[in-house]
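K.L.:
need a 3D model of the sequence below.
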Amino acid sequence: MAHSICSLRFQFIILVVDSIDRERLAITKEELYRMLAHEDLRKAAVLIFANKQDMKGCMTAAEISKYLTLSSIKDHPWHIQSCCALTGEGLCQGLEWMTSRIGVR
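P.N.:
As a prediction, this is how the structure comes out:
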């Protein structure tokens with residue numbers, strides 16, 4: 001059976017990063033750049049939530065940004081937002097950034 005992908009164009013990628021799990025960050029980076037290269041995502045804006053900011057020893061959003069080399073992403077608008085999914089802290093700010101990008105190409 002052939003694998004096919006619908007020819008849809010997506011406006012956003014939302015990636016949630018576990019700020020505690022340093023070992024998984026390399027896989028996260030690979031997956032992010034794989035998504036950015038996908039035809040259907042070529043113009044998508046990227047919102048990255050740096051989750052679990054309430055945990056001791058977590059990486060900051062700046063550390064995650066540096067590791068993921070976000071500054072090298074030139075063809076996609078991107079934003080990284082510190083957050084805590086348990087308390088909701090930072091979620092609204094990230095979604096506000098996303099809604100400000102709706103319709104912007």
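
K.L.:
test my guess that residue 36 contacts residue 72.
P.N.:
No - between residue 36 and residue 72 no contact is recorded; they are 10.5 Å apart, counting by Cβ atoms under 8 Å. Yep, even glycine has a C-beta here, placed from its N, CA and C like the rest.

K.L.:
more crowded one of those two?
P.N.:
Each of residue 36 and residue 72 has its neighbours counted (other Cβ atoms under 10 Å); residue 36 has more, 16 against 7.

K.L.:
what's the first helix or strand after the lengthiest helix in the chain?
P.N.:
Criterion DSSP state H: the longest helix present in the chain is helix 25-37. Per DSSP states H and E, helix 25-37 leads on to strand 45-51 as the next helix or strand towards the C-terminus.

K.L.:
ok, residues contacting that following strand?
P.N.:
Counting contacts by Cβ atoms under 8 Å, 6 or more residues apart in numbering, the residues outside strand 45-51 that touch it are 11-19, 32, 36, 58-61, 64-65, 68, 70, 73, 76-85, 90-91, 94-95, 97-98, 101, 104.
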